[in-house]
Structure formats: structure tokens, C-alpha cells
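Undergrad: What would the 3D arrangement of this be:
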Amino acid sequence: MHLNLLNTMHTACPDSKHAAVSAWFLGPKAENHGVLRNAFDMIIDEVLKGRTEYFKDDKSFIDDEIKKHPSYRAELQKIEANVKLLSGLLAKHSCPSFSPRYAGHQTFETTLPAILGYVLGLLYNQNNLSPEIGPLTSWIEYVVGQQLCKMVGYSYNNIESESDLLNPENSSDDPVGWGHITCDGSVANLESMWVARNLKFYGLSLRKAMVPGQPLAFVADTFNITAYDLDERGSVKTTEKLFVRCSAWQLLNLTAAQVLGLPGRLSREYGISSAFVESIMQKYIIQTVGKDTLETEFKIAPCRYLISATNHYSWPKSAAITGIGSNNLVEASVDGRARMDTKDLDRQLRHCLENHIAVYAVVVIMGSTEHGAVDPLSEVIELRKKYEALGLTFLIHADAAWGGYFRTLTIPDPAVLGLRADPGNKFVPALALMAYTKRELEYLKYADSVTVDPHKTGYIPYPAGGLCYRDERLRFLVTWSSPYLNTEGGGVEAMGVYGLEGSKPGAAACATWLSHRVIGLHQNGYGTLLGEAMFTSVKMYSQWATMSLRSSNLIVVPFTKLPAEEDGKPKNEIEKERAYIQMNIVNRDNLDLVNDEVAMGLVKRMGSDLMINNFSCNFKIEGRVNKDIAEANYLNKRIYERLSIQKVTDDISERPVIIFSTVFSQAKYKEALKTYKNRLGLEGEGDLYTLCNISKTPFPTAGNFVKELADEFQKVAEQEIQNCYRRVRVVPDFHTFIIQGATNPFYLVQLPMFNVGNHRQQLIIKVSLSDESLRRWTAHRQTYPSDMVMVHTTRKEFLSTILDRGEFDGVVTNGLPAIYGARSRAMDGSPGFRVAINIVGIVKNRPLSPAHLDSSYPQQMPFYIYGSIAETHIDHMLLHAPNAQLSAGNITLDVEMDLSNPRNRQLLENGLDRGLIAVASSNPEFAMQPFSNAHRPAFFSPWSDGFKVALYADDSDSKGPGLVETLGKPITAATISLGSNVFSDWSYINQDAVLSVGVGSGLGAVASIKAQQDIQVLTDQTTKTLAPRPIILGRNVEESLERFGLVPPPTCAFNSVDGGHCSSTEILSRFLVREPADDFGRKLLIREGWKEAVDAVATAALK
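TA: The predicted structure is shown next:
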């Protein structure tokens, strides 16, 4: 049973193993702060001792006289103030990865030994580039590399004092492994790819050095190699032949052992010194001449890298850097558990063999970033044997950045081998590994190289990645030494000459070494820690798998199927198992659970391979499951925004649980994603936004704290479902239109929104104004002849009600309204005026819900064109989201058809009355979208140069998608020229919510709203608009204003209104805040918010 470390729980008796785990961390509530403080004091004492004893007779350089100087004291005060500033900022705004509530990303609190080891290395500032500037820490890094080799199952140099028990299967026939610390797993992956590239081409380079006239020509007639060849029946066989007589294909498919043994053979068989081989080969190797040169000379097709579709983003980046090219990084598909489909890999390898395409390596993922999936390495090993016998060779790299340390769950503790296990420990960590996962991790020892990151499941501070080679000679393929670096150092290896990095911190090696030494790379060390974390992960999985049983409208489905689903059982059996999990696992005490053999048997089969739970949410509306992927994606995105920390306004105290998110691409996940979407009740081909939790903490299962975290998540998710309802449900609302035309009839173009149900349509209506309204309009236009003029409804209504009634009262404003209602004001503070509007006809009314949109932007840019020959208007067709509304009134339309012909003229007039489609052939929309403040549609501006279009008839009954796919024959070609009446928007149309705050006066008590330092101040115009109104009303005011980045003017006070809609007759318009429509703009806004907040705090703190 777990030790209780949380204030909200009762104290429990710890078992011995969990008590040990509890000593390895500072603790969620800094319970071990005294240990850390004492250790820091000891470290400072040792630093003091070391410095004072180094040439004791040297004088003190910072004496008492200096310490009394005002400048000295001033600088110390500056240090103290800034340290306090930064400490406060980090405490308030850092992700609380120390807490069991943190389940986002592959990070958690680092171990106490790792912290202390890093601090020690930091204070001595050793550089592992060379033993000359890091003698001890270079040796420590070498030791750590051997420890990692030992952990993954490689042979190793026994450089530690304890007996060699961690790897009893060491064989003298196996090559000795070698490993080192890198800055991260991405660089480790890049280095492994660099090795594979250099190895693949080394045989070709050596042959170039043996041709007549070259330095090794004297061995050409006698130097043989065993190569694969075809016999007279076309079967593959091995044959001894002269190296220089081998084909390029044969040299590309030498085994790794053969290539690595070539320099040694030359030395042994011909007495050539290794220094000579190394020096002359510099002229021919790929590092010197480049890959393209060798490919061209030997007429080689680009070689390929084969990798699981779940690969980390570092892999295509590495392919680009090494010159292999991301196009030659070919992905094998995955199965329903996100594991590599080796049947697809077999097909890929067969294709390469048949087409003489060499393969650098196959990469397997041993713990994918988003699913914790472990690829079937054992099957890939068998495929290597199969294809090697057919003459196709390749390296196997295991990306075990996440999964490497889980090997410790299978490694016995050397200190207790042969002893009985602790009978008081009711949960054996090794049980947390599924049989499949355990077997595949055992096969790591057969991979040629392994990425393993101490700063992930080793709980070491960043940066501490790692790379291990099964054969230590592989490292010589990425050696780039300089004379002053490549010292022997009395036998201490210069770690920095291998790989990509130069200067590297000895502190990272110290942190890893000390943590390994204290905790131990075995079942009773890291195995215990990760075993408890695995148990936490399964408990969280059980929450996700059963949460739908506890909600009437929330659907939660883990990506990893329940055991009954995996077994292909019928739906009733699956639901029976789900109910069993709810009763016997979710609601059970740990001690009770681990004593239930049946329940624990199910626990051992549940969840992902390596403790990453990917799941997604959907919802029900009026009892029906939502089928729209876009709506489910919106829900998951909103949940993530509520349960993550990105903006300076994201208060960690308001994040009861922290998760992370990812997107599953349909193109990448194929059938696996189709199956998953079907389990969620979703239809369609779109990508899926999903959520993840990673449980690296051993603590939250104590007292079933996991249930509290799940309950908090469910609360947030159900709140966000209400926002989904606002998107899909149509309710009464204010509606705003652009007015086009000079006199009756006018045309009104609605300002739509893709993400709000009330405004999810592209509507163009033909209207007329009453006589009095027309008089007001005429007077207004005489005063403001060139302004863009809007009209909005005076009250909230269904748009369908307005269309059915055929009339409505509106308020006209110059530009967008700032306040809706009878006393409406525009953004510039000017008042609006009322008009009576009669609807003459509907030109276009098409839905903009995701089901009616295209999956991509059209090749050319289409517009609706309507009105009359005398007064013609256009509005950009909205076919894909995100998008931009581009509307222009009173354009000049110059058609190529002969309008002096009455038939032609009538054809065009009738078409414009109904509404035609104008396709701008010179504007490739697919290449121009999406638009943003940084990328505006330059062609669509007042008085811009005209653009060519073709006019087509429009089938008004069609609702989309595919509105422009079959337009038929054009009516005529034309040129459109814009005037002054132009409106462009790429912000409001793409917002995912609207501001709902009312304006009133005369209220009594009001509640103050929390000030947010980082939020942008309202524009001067809006402040002017709101100033006469001392009180702002609304539902969830704080949330609304914070979400939209608003700070109230000082003249306004706030009060939340209970219930549904705001009762005020005047409401702030949805146009009050313009959000960036593009990702870059949103990120820039977030970054600016951080800068402003930090500057403000720093200024106040340092005064």
C-alpha cells in the first residue's frame, strides 16, 4: 500500500519499497525539504573546503575591504532582488510537474540524487568535451554509458566494483557495447542516423581507395569479402570474391560486422597501421565527398529508412539534416494498439529488395510519445534474418527514449539475488509489465543501437539523453576529432569527440550517475519506482474506460481497447467488463485490489504498453451521440485549454489536473484511426484531436487520489460540453449584416461564424427599406459616403424566424457595432439609427457546419456575384475552414459577352438576380489561404487592380460539400474591379466563441472581477463606448472577459448574472475583441502577454 504524502488523506502504514521510493524525491508538498537543505549546506561546505585547500597560501582576492564597498553591496542587492523575482515567477507560472495532479508530457519531479548530482557538477562546471577540462566527469559519463548498455542488455566493460550480475547472459563472442550522454533523445536519434548513413556507404568508399592509382590499390588483387550473390537458378547464396569486384548493391549490403571489421582486417592481413587507413580514407568517405557524389558515381537509387508511423518528430528532422531526406523516411503503418504492423514492414522490405533500393535501418519505437506503444522488436529481428539471407541488410535502431528504463522491471537486484522477496509488499512491480512488453524489451539487446533518455523515465534533470551502441566500433563512424581534443588522458576517454556535440556539461553525467548509484538499475530500484507509476497509469486508464458510465452526456474512450475488445467479444460482454472495472478496480482500495487475483489479472492486461494513456472525448446531444469529428475535436481542444498552462493568465491553482494533447492524422494512422473514431461514434475521414495523460508519479494511487483527479476532469469536460451545445444548437441571437447598395433594393450579407451554431450559415438576402428608413439612410450616406455600413437586429431572434416573417427592425452603424440593442454604438463610439427592413428574397442561404464544408481549399477562388447589372456585389464563397469573409459592394463588372444583345443582357440580369458564381482563375485559393494579419489578401482591397473571373450558374438547392466541383460551362468571362465598399475579415469568422456580457446601470451591490496583469487593455474606442455605462452584466463574466483578453475600463464594475441569457437589453457585441485567426498570431499574442506580465512584475519588484 502506498505511503500517504497528501494532506487531504489519512496516514497509512507504508510498505518498505514505497517508503524507499518516497526518499528519492523532494515530494509533492516538499516533504523532504530538510533533506535537500542539508545536502545543499554539505555541498557548499565541500566547495568551500576544496577552494580554500587549493594552494592554501594564495591570498584572498575578495577581501573585507571589497565587501564593504558600496558597489559590491549594490550588486549583491541586485542579485538578491532578481533571484527573488525569478524564483517568484517560476513558483507562480511553472508547470507543477512535482504534483500528482500533473499528467502532461513525459516529465515529473527529478530524483533527489539527480538534483544533487547536477548541482555538484554545475558548481565545478566541468566540460566533458575532453578529459583535460573534465577528467572525473568524463570518466563518470563513460561509466554511465556502460550502465545504460548493461541495462538494455548489451555486453559491457565491468567498470564497477560490484560483481557482474545485472547481465548474466554476457558472452565473449558478443561485441562490447558503448554509450554516452547526449543533450536529448532527438540528438541521440540524429547521431544514430548519421552512423547508419556512414556505415552504409563505407564499403563504396573503400573500393574507391582500391582502384588503380589509389593508395590501397596494392591490396585489390587479394582482399576478399563474403558477399551475397545469385546462383545459376537465381537463388541467393554467399560467395567469396574480391572486394573490388563486388557490385555497388553487394557493397551496400555488407553486414555491420563486416563493415566495422574492414579496417582491422587491412591492418592484420597487410600490416597497415590503423592511422594510415584512417588518414587515407578521409579522402573517400561520405563525410568528405557527400552522399550525392557516391550515389551518382555508383548509380544508386536513394536509400531508405523504414520506421513506425508513430515516430517522434526528430526522425524526419534528422533525415533532413543528414541529407537522407524526409521523403526517404518511409513509414510502416500501425495496428489498433499503435504498434508497428510488421506485415506492412515486410511489404516495404520486399519492395526495396525487388527494386534494389538499399535500406539504412529499420527504427522501432519502444514507447511511443503519444501512446506508450512498444513495437514488436522481436518480429523485426526475425525480418532482419530473413532479408539478410536474401542479400538485403540493414541496422535496427530502437528508439527507447521513453521505454529503456522499463527494462529495470525485469533485472534482479544484485544485493538480494537468491534471497526471498519481501512478503510485506503486496504489489510486485514486474507485474505491471505485460508479457508482450516484457518480451520486446528483452530483445533490445539485439538492436544495433538504442536511444534511452535518463531525463525521461530515469527522472534526471534536463538535458540528459543517451545513446548506446551494441558494437562500440560504431562510434568511430561519427568521430570528428581535433588534435587538442583527442588526448589519451591517462586512459580516460575523450567522450566529446564522438557524436554531434562539442562542449557538454559534466553535470548531466553526474546527475545520472548519482541517481543510478542511489536507486539502482534493477527491480528494487528503478523497477519499483516505474512499477508503482505503471500501477498509477492503469488506475487512470480504468477511470477513462468507465467515465462514460458516470455521465449522461460525456463519452470518454481510451485509444487502447479493453481486454474484452481486444479479444473480439460482443458488445454486451465488453459493457459487462466495463461495469466490472467500475465496481472492482475504480472503486477499490489498493490493498484490497492487489489481494483480488481476478481483478489483478485484469489489471495486468489493461492500459497501454508503457503507461501513457491516450483517450478522446465525445458528447451526446439530446440523447444522440455526436457524429461530427469537428465538434468532438472542438470539445477535446477546449478541455485541453482548460487543463493546460500556456498563457500567463493560466493560473496553476485553477488547473486541478494537467494533461496534454495531440492530433491523430488519418493519413498516418489509417485503419487504426477509423476503428478508433468508430468506437467514439464519429464518422468521416478527418483527423482526430485527442488527449493524453502520463503517470510518472508513484503517489496518486494512495487513498485513491486518482479518483479525485478523474472527477475534476469530468467536471471540466461536462462544462465544456455546454460550449459544444452553443456551437451546434441554434438559439436566439443578434445578427449583423453588411449593407450593399445605394438605394432599394439593398443586399444584406450576414457576418457568419464557423464555430457558433447561431451564425453557421452564409446568408445573402435582398431587402428594401421603408420610406422613413430610406430617408435616414440617404442622409447618413451623404455624411459618410465611403464608410462600410452595417445593420444588426434590435433583439435576439432565431434567424429562421426573421426569414419566415420577412421583416425585422435593425440598427445601422458605421462599421461593426460595439454594443447591440436599442442604444447601439459603433466601435468609434458613434450612435446607430433604427431602420425598418423588408425581406424581398433570399439570394443564398447555405450551411457552414463541418458536414457541409470541403476537406480542403478550392484550387481557384470563388465568389457569389449578385444584384443587377447596374449595381453588382460579391461575397467570397466559404467552402473550407478556417476562412475569410471578403465582401464588396457596388463593384465594376466588365463582361466579355455582348450586352447589346437583349438575350445576353437578360441572361446576365436574371443570373445576377438569382446569384451566380464568379471564379477568379488568377487567385489560387489553396495556395493563398489561410489569411491573417501578417498575410492579407492584397488583391481584395479598395480600388485595387481588377481580377479576371469566369461566371457560372449556381444550383441554389445544393448545400455542399463540393459546390464548385461541377460548375459546367461558364456563362462568360469578366473582369471585376473593386470600389470603396470593401469588407475583409479572417478573425471574427473563425472565433470559437462569442462574448456574452450585457450593459446596464443602477444596480446595487456588484462583485469585483479579478484583475489579470497580462490581458490587453480595451481599445480607446471601446473604453469611450463603455464609460457612460457604469456596470457590465453577464453570465460567467470573469470567464468571458478573461477568455477574450479584456480588462475593464476603470469606470466599469462587474456582476455575474445567474441563469441563461443576460437580461440586459444592451449587450456588448461579439466584435468587441478581434482574436488572431492564425496559429502564429495566437502564439505571438501569448508571447506578448508573457513579456508584458514579466516586465510589469520586474519593474515593480526592482524599484
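Undergrad: okay, CA-based contacts and neighbour counts for the rest of this
TA: Fine.
Undergrad: quick one: low-confidence ranges for the stretch 301-450 of the chain?
TA: Applying pLDDT under 70 to the stretch 301-450 of the chain picks out residues 416-432.
Undergrad: what are the ranges of the helices in it?
TA: 314-322, 342-354, 377-388, 435-442 (DSSP state H, counting those that start in this stretch).
Undergrad: In TSV: those helices, plus distance to Val21.
TA: Below are these laid out as TSV (distance: least, Cα to Cα, whole Å):
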stretch	distance to Val21
helix 314-322	33
helix 342-354	38
helix 377-388	31
helix 435-442	22
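Undergrad: Out of these, flag the one nearest Asn904.
TA: helix 314-322 (57.2 Å; Cα to Cα).
Undergrad: Could you give the number of residues near Pro942?
TA: Neighbour count of Pro942, defined by other Cα atoms under 10 Å: 15.
Undergrad: The closest residue to it other than its chain neighbours is in what secondary structure piece?
TA: Spatial nearest neighbour of Pro942, excluding adjacent residues (Cα to Cα, 6 or more residues apart in numbering): Ser980 at 4.9 Å. Assigned by DSSP states H and E, Ser980 falls within no helix or strand.
Undergrad: May I ask you to confirm that Ser980 is in contact with Tyr784?
TA: No. Judged on Cα atoms under 8 Å, Ser980 makes no contact with Tyr784 at a distance of 11.8 Å.
Undergrad: Pick out whichever of these two has more residues nearby.
TA: Using other Cα under 10 Å as the criterion, Ser980 and Tyr784 rank with Ser980 on top: 17 against 12.
Undergrad: now the more buried one: how far from Phe939?
TA: 13 Å (Cα to Cα, to the nearest Å).
Undergrad: tell me the contacts of Phe664?
TA: Going by Cα atoms under 8 Å, 6 or more residues apart in numbering, Phe664 touches 673, 687-690.
Undergrad: What of Tyr446?
TA: So Tyr446 contacts 381, 470 (Cα under 8 Å, 6+ apart).
Undergrad: Swap in 7 Å and give it another go.
TA: Not one residue lies near Tyr446 by Cα atoms under 7 Å, 6 or more residues apart in numbering.
Undergrad: Please apply the same query to the one 3 residues further on.
TA: For Ser449, the residues meeting the contact criterion (Cα under 7 Å, 6+ apart) are 396-398, 468-470.
Undergrad: Out of these, the closest to Ile519 would be?
TA: The closest of these to Ile519 turns out to be Cys468 (Cα to Cα; 20.9 Å).
Undergrad: Regarding the closest one, what is its secondary structure?
TA: Secondary structure state of Cys468, per DSSP: H, G, I helix; E, B strand; the rest coil, is strand.
Undergrad: Name the helix or strand for the closest residue to it other than its chain neighbours, please.
TA: Nearest non-adjacent residue to Cys468, counting by Cα to Cα, 6+ apart: Gly179, 4.0 Å away. Taking DSSP H and E as the criterion, Gly179 maps to strand 178-182.
Undergrad: Pairing partners for that strand, with directions?
TA: strand 465-469 (antiparallel) (DSSP bridges).
Undergrad: Nearest residue to Pro558 in space, ignoring adjacent ones along the chain?
TA: Nearest one to Pro558, counting by Cα to Cα, 6+ apart, is Phe615 at 4.0 Å.
Undergrad: hmm, I was thinking of Tyr228
TA: Nearest residue to Tyr228, sequence neighbours excluded (Cα to Cα, 6+ apart): Thr238, at 4.5 Å.
Undergrad: ditto for Met827
TA: Met827's closest residue in space is Ala818 (Cα to Cα, 6+ apart), at 4.9 Å.
Undergrad: The residue nearest to Cys468 and Tyr156, how far apart?
TA: 10 Å.
Undergrad: list residues touching both of those two?
TA: Common contact partners of Gly179 and Tyr156 (Cα under 7 Å, 6+ apart): 146, 149.
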